[in-house]
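**Student:** kindly generate the corresponding structure for this input.
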Amino acid sequence: MARKKLYVWFCALFASISGLTFGYDVGVINGVKDMIGFRQTFNLSYTDDNSTSCEVDLESSSTLGLIVSVLSIGAIPGVLSGGVLMDVTGRRTAIIVAAVVYTVGGTLQTGAVYLWMLYLGRFITGFGVGIIVTTIPVYLAELSPKKLRGGFVTIMGVNVMGGILLGFLVNLGTVNVTFGWRISLSVTVPIGLILSIGMLFLPESPRWLLKKRRNTRAEEVLTRVYGAENTKTVQQVLLEIQSSIPAKNSFVNVLREFLEWNVFYRVLVGMALQVMNRFSGQIVILYYSVTIFCSIGLPYYSSVILGVMNIIGTGLSVYTIDKLGRKPLLLLGTLGMFGSITLAGTLLLVFEVEDGGSQAVGYVVMVALCVFVFTYATAVGPVSWAMNSEIHSLTVRGFAVSLSTLSFWVSNLVAAQLTPILLASPLQTHGTFYVLAGVNLAGFLFALLTLPETKGESLESLEVLFAKPWLERVDLFYYLSCACPWWGARRQRHYTVNDMRPVHTKNEMDDNGEELSVIEDQVVDDNGASQSDMPTPLLNGHGFSLFQVGSQVKKLEIQ
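**Tutor:** Got it, this is the predicted structure:
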């Protein structure tokens, strides 16, 4: 059992290295764009009295905004390609191809001598990142046992934040070197090489294998994941996955299912989650922290502290996302971000820090921003990726995740372009922070009114969860009535066949530590009468559920 757990964790940890591809770019470009050597190379405005420069004219500001955001522009076709690529060639193959593309782009960035070369390199790098961030969460979710799924998907977020911190630290070591910006950008090459080579030794997603009717290979992968001693669990998972796959996977059938409201609604929820992710303000703080701290008189290394808070928060989320649940984390996170960014904006406004006010207040602002980054890393970031990897049905999962990831990158592009304009506008930094506060308040209401809790549910059972009535699905009264949303009452599922329902559930654990929901023999109908042949739920399939009634297995179609 220990060897089995070690294998699953190894697969998750190595695949999540892919998070470095995106995270490192966020951290490194934050500092590189302000290095004197970089600005001299590309004829951007700078000052001569320091190794970095906060001074920038309007033309250079637009150029810097484009340099930052061109990676997002490249990620958009990468995301659209990633959904198709991972459905056609497999999740693992798509990741390998993306890692090679990322390496090529990083090489071109490092050797750029003209702006067009830098733009092209960042576009190619973004194309690879787009495929990676679309495919990896799906790969991790489909490979993981349901009890570990949220944590495994979140490990990628830890590496994203680790990449951001790594970018900050590398910049800190190269900032005083004339060509230090090239050294900083060159680190992308070994990251891509390690990922592309290492993925050759990891298994393919068992759900993709079953979708392609490669049942034997899928069973081998699941046996390694759950352990050879848990053959009953492996067979149960196989049956559950197979029941979610339609008999025909033609384009027409996939399109027909995609246009069903229950499926399309989940796509809209996933897209909205990613829009909230990007406009919550994390990109403003991490892409432009050096510029913001410089404007309020704080030293260059202050941005490193934000990277540390990112790592701590995301590391904590690996535990809390499966312990507390997705929705409670998101509600707490958006409230925390709202409060901290409002405080930072108010301090900047009242004490006029941006106009040469007290530097001590500037440090208090930095503390508020650390809280902001920590709450994002603990909640909003991990939850948006985890839920997007699990809420979609297997038939359309690749395409659906690519659409939600597309909304992530489009929002990333818009935010990256708007941020320098807002910071240089009459709003200044404090007004920009107030705008972000409003976005986070809207995000709290969105999470409260639209999202269900998916913790502990198998990927296939979410079909039933999203088919429930709105109030039952989102547990609205529960969250409104509880002072602590994560407080213990577990949501109970009620199955109905011929106006009868099971009662008295108990929880048992199999040899693998998976929780089994078992219905006891004593059951009643809606009138309280005892029924000896009460239907017992077996599994939730693609648009139906199977029930044991006496010695027979019956099928219930879910409308």
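**Student:** what is the neighbour count of Gln236?
**Tutor:** For Gln236, the count of nearby residues is 18 (other Cβ atoms under 10 Å). From N, CA and C alone the C-beta is placed, and that goes for glycine too.
**Student:** would you check how far apart it and Gln242 are?
**Tutor:** Per Cβ to Cβ, to the nearest Å, Gln236 is found 11 Å from Gln242.
**Student:** again with Phe10
**Tutor:** Taking Cβ to Cβ, one finds Phe10 at 27 Å from Gln242.
**Student:** compare the two (neighbour count), which wins?
**Tutor:** Shown here are Phe10 and Gln242; by other Cβ under 10 Å, Gln242 has more neighbours (17 against 12).
**Student:** the more buried one against Leu210, yeah?
**Tutor:** Yes - between Gln242 and Leu210 there is a contact under Cβ atoms under 8 Å: 6.1 Å.
**Student:** which neighbours do the two have in common?
**Tutor:** Residues touching both Gln242 and Leu210 by Cβ atoms under 8 Å, 6 or more residues apart in numbering: none at all.
**Student:** what residues are up against Leu369?
**Tutor:** 285, 289, 306, 340-341, 344.
**Student:** mind checking the pLDDT average for stretch 187-201?
**Tutor:** Stretch 187-201 shows a mean pLDDT of 93.
**Student:** need phi/psi at Met35.
**Tutor:** Note on Met35: backbone dihedrals following degrees, to the nearest 10 are phi -80, psi 140.
**Student:** grab the nearest non-local neighbour of it.
**Tutor:** Trp181 (4.8 Å; Cβ to Cβ, 6 or more residues apart in numbering).
**Student:** what does the pLDDT read for the one you found?
**Tutor:** With respect to pLDDT, Trp181 has a value of 91.
**Student:** one more: Glu520?
**Tutor:** Looking at Glu520, its pLDDT is 39.
**Student:** and what of Pro535?
**Tutor:** As predicted, Pro535 sits at a pLDDT of 54.
**Student:** over to Lys555?
**Tutor:** So, for Lys555, pLDDT stands at 51.
**Student:** tell me the contacts of the residue nearest to Met35?
**Tutor:** By Cβ under 8 Å, 6+ apart, the contact set of Trp181 is 32, 35, 37-38, 41, 174.
**Student:** what helix or strand is the residue nearest the centre of the chain located in?
**Tutor:** With distances taken as Cα atoms, centre = their mean, the residue of the chain nearest its centroid is Trp385 (2.0 Å). Following DSSP states H and E, one finds Trp385 within helix 381-390.
**Student:** got the contact list for that helix?
**Tutor:** 137-138, 140-141, 149-150, 153-154, 156-157, 160, 269-270, 273-274, 276-277, 282, 314, 317-318, 321, 326, 329-330, 333, 401, 404-405, 451, 454, 457, 459, 462.
**Student:** for stretch 277-285, same thing?
**Tutor:** With contact meaning Cβ under 8 Å, 6+ apart, stretch 277-285 is reached by 26, 292, 306, 334, 337, 341, 369, 372-373, 376, 380-381, 384, 408, 411-412, 414-416, 419, 432-433, 436, 439-440, 443.
**Student:** ok, back up a step: widest-spaced pair of the contacts of Leu369?
**Tutor:** Ser289 and Ser340 (14.4 Å; Cβ to Cβ).
**Student:** and the helix or strand hosting Pro190, what does it pack onto?
**Tutor:** Following DSSP H and E, one finds Pro190 within helix 188-198. Packed against helix 188-198, as judged by 3 or more Cβ pairs under 8 Å, 6 or more residues apart in numbering; DSSP states H and E, are the following elements: helix 19-32, helix 91-110.
**Student:** just name the most buried of the ones you listed.
**Tutor:** Most buried of the helices and strands packed on helix 188-198, by mean neighbour count (mean count of other Cβ atoms under 10 Å): helix 19-32, with a mean of 27.
**Student:** how far away from the center of its chain is stretch 293-309?
**Tutor:** Distance, stretch centre to chain centre, for stretch 293-309: 25 Å (Cα atoms, centre = their mean, to the nearest Å).
**Student:** again with stretch 186-205
**Tutor:** 20 Å.
**Student:** cool, and stretch 337-350?
**Tutor:** Between the centre of stretch 337-350 and the centre of its chain there are 26 Å (Cα atoms, centre = their mean).
**Student:** Ala310 reaches Leu165, doesn't it?
**Tutor:** One correction, residue 310 is Asn, not Ala. Yes - taking Cβ under 8 Å as the definition, Asn310 is a contact partner of Leu165 at 6.4 Å.
**Student:** and these two? Which one has more around it.
**Tutor:** The residue with more neighbours, out of Asn310 and Leu165, is Asn310; 32 against 21, by other Cβ under 10 Å.
**Student:** return the set of buried residues in the helix ranked longest in the chain.
**Tutor:** Secondary structure of the chain per DSSP state H: the longest helix is helix 58-88. By neighbour count with 16 or more other Cβ atoms under 10 Å, helix 58-88 contains the buried residues 60-61, 63-83, 85-87.
**Student:** what is the mean pLDDT for it?
**Tutor:** For helix 58-88, the mean confidence score works out to 83.
**Student:** which other helices and strands contact it?
**Tutor:** In terms of contacts (3+ Cβ pairs under 8 Å, 6+ apart), helix 58-88 is packed against helix 19-32, helix 91-110, helix 115-143, helix 397-424.
**Student:** only C-alpha atoms, please: export the very next helix or strand once past the last one in CSV.
**Tutor:** Where DSSP H and E defines the elements, the next helix or strand beyond helix 397-424 is helix 428-450. Coordinates of the C-alpha atoms in helix 428-450 are reproduced here as CSV (Å, rounded to 0.1, in the frame of the first residue of the first chain):
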residue,chain,number,x,y,z
GLN,A,428,-3.3,55.8,-9.4
THR,A,429,-2.6,52.7,-7.3
HIS,A,430,-5.2,53.4,-4.6
GLY,A,431,-8.0,53.8,-7.1
THR,A,432,-6.9,50.6,-8.9
PHE,A,433,-7.1,48.8,-5.6
TYR,A,434,-10.7,50.0,-5.0
VAL,A,435,-11.6,48.6,-8.4
LEU,A,436,-10.2,45.2,-7.4
ALA,A,437,-12.1,45.3,-4.1
GLY,A,438,-15.4,45.6,-6.1
VAL,A,439,-14.4,42.6,-8.3
ASN,A,440,-13.7,40.4,-5.2
LEU,A,441,-17.1,41.4,-3.7
ALA,A,442,-18.8,40.3,-6.9
GLY,A,443,-16.8,37.1,-6.8
PHE,A,444,-18.1,36.3,-3.3
LEU,A,445,-21.7,36.7,-4.4
PHE,A,446,-21.0,34.5,-7.5
ALA,A,447,-19.5,31.7,-5.4
LEU,A,448,-22.4,31.9,-2.9
LEU,A,449,-25.2,31.8,-5.5
THR,A,450,-23.9,29.5,-8.2
